[in-house]
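J.: Okay, here's the prediction I keep looking at, along with the sequence it came from:
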Number of protein chains: 2
Amino acid sequence: MSQGHTDVPVEARNPEVCTVYDVLNRVSGKWSIGILVEATHGPVRFTELERNVRGISRRMLTLTLRNLERDGLLVRTVYPTVPPRVEYVATDMARELYRSLVELTGWAERHRAAIAAAREAYDRANDRGEPERA
Amino acid sequence: MSQGHTDVPVEARNPEVCTVYDVLNRVSGKWSIGILVEATHGPVRFTELERNVRGISRRMLTLTLRNLERDGLLVRTVYPTVPPRVEYVATDMARELYRSLVELTGWAERHRAAIAAAREAYDRANDRGEPERA
DNA sequence: CGGTATCCTTAACGATACTG
DNA sequence: CAGTATCGTTAAGGATACCG
């Protein structure tokens, strides 16, 4: 096999892997990005998020908000009124991340057609009844 | 600035959300990036990947490879020798993606300390017995 | 209004025996 | 060597009742 190659694991050889994996973990999850985008546009309330991030459940909204806050991507502000008012807003760090995500968007848009074509080709080539897929 | 906001859902207002979510889905998953990195460095064999991407199981290696291939990020080449030789290599599209991921790495590295601090602060502030977490 | 607590379903992942 | 098949486990997410 490839004789000359070192035995050191990929994570050691490519520290970027861990790092990028790390940030991906932070932002992966079905809802993080939607919330991040909303909170990047300006302070937003819990109920607003519940409405604007379509399809999210209360539970996941809370969980995702807590995680983003914990990572320093969101700031949560409570106004002690009745009824309570809570606002979430993206931090500078998160806005910077947002810009990198826009980069990714660019990639996705540039290659959207190619990816679709690749999938079709793959599915056609391997066609065993594989029914429709979203 | 809450009241004046439109009623159109976040996906409609921010098409980037869907797109970036899409690409994230493609690259999320515990192993995609590790494999992608390896295959970006040059053609790599199944067994090499199994060794170099530490901790991956055979099953996940196969599944992830198939998905990446299906999306047109990897090309699989079979050399009909005995024993068989199969090589995977990243496509140009994948290499471009890789560069965007490196961008993300930059973000992660720049803010690594801030994130760690945010977490500590958060955990300290909310400390109810929450035991150690990786 | 802004959450928690609880229960349930699904999808991702891990281990490993077997095979052309 | 490069997989597939089958099993079991864990984690992510969904629904929703309840609460300060």
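T.: Great, that's in hand. Numbers count the residues shown, from 1 in each chain, chains lettered A, B, ... in the order given.

J.: make it CA atoms for all contacts and neighbour counts henceforth
T.: Noted.

J.: is any part of the longest helix along chain A close to chain B?
T.: Among the segments of chain A that qualify as a helix by DSSP state H, the longest is helix A:92-125. Yes: Helix A:92-125 reaches chain B (C-alpha under 8 Å from any C-alpha of the partner chain) through A:93, A:96-97, A:100-105, A:107-109, A:111, A:114-116, A:118-119, A:122-123.

J.: now swap in stretch A:69-83 and tell me
T.: Yes: Stretch A:69-83 lies within reach of chain B by C-alpha under 8 Å from any C-alpha, at A:69-72.

J.: Any buried residues in that stretch, and which?
T.: Buried residues in stretch A:69-83, defined by neighbour count with 16 or more other C-alpha atoms under 10 Å in any protein chain shown: A:69-76.

J.: so how far is stretch A:43-52 off the chain centroid?
T.: Relative to its chain's centre, stretch A:43-52 lies at 18 Å (C-alpha atoms, centre = their mean, to the nearest Å).

J.: Let me see the mean pLDDT of that stretch.
T.: If you average the pLDDT over stretch A:43-52, you get 97.

J.: And for stretch A:88-97?
T.: 98.

J.: Touching that stretch from outside, list them.
T.: A:36, A:39-40, A:42-46, A:72-77, B:104, B:107, B:111 (C-alpha atoms under 8 Å, 6 or more residues apart in numbering or on different chains).

J.: now stretch A:70-87
T.: With contacts defined as C-alpha under 8 Å, 6+ apart, stretch A:70-87 is touched by A:26, A:36, A:39, A:43-46, A:65, A:68-69, A:88-94, B:114-116, B:118-119, B:122-123.

J.: Among those residues, the buried ones, what's the PyMOL command?
T.: Selection command for PyMOL covering only the buried members of these, criterion 16+ other C-alpha under 10 Å:
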select buried, (chain A and resi 26+36+39+43+44+45+46+65+68+69+88+89+90+91+93+94) or (chain B and resi 115+118+119+122)
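
J.: Could you report the pLDDT at A:Pro9?
T.: Looking at A:Pro9, its pLDDT reads 46.

J.: just the one 4 residues further on next, same as before
T.: At A:Arg13, the predicted lDDT confidence score is 54.

J.: mind listing the helices for chain A?
T.: Using DSSP H, the helices found in chain A span residues A:10-13, A:15-27, A:32-41, A:46-52, A:58-70, A:92-125.

J.: With distance to B:Ser32 added, can I get those in CSV?
T.: Converted to CSV, these look like this (distance: least, C-alpha to C-alpha, whole Å):
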stretch, distance to B:Ser32
helix A:10-13, 13
helix A:15-27, 9
helix A:32-41, 19
helix A:46-52, 30
helix A:58-70, 23
helix A:92-125, 16
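
J.: Go through those and pick out the most buried.
T.: helix A:32-41 (a mean of 21; mean count of other C-alpha atoms under 10 Å in any protein chain shown).

J.: and the angle for that one with helix B:15-27?
T.: Here helix A:32-41 points in a direction 150 degrees away from that of helix B:15-27 (axes from the mean of the first three to the mean of the last three C-alpha atoms, to 10 degrees).
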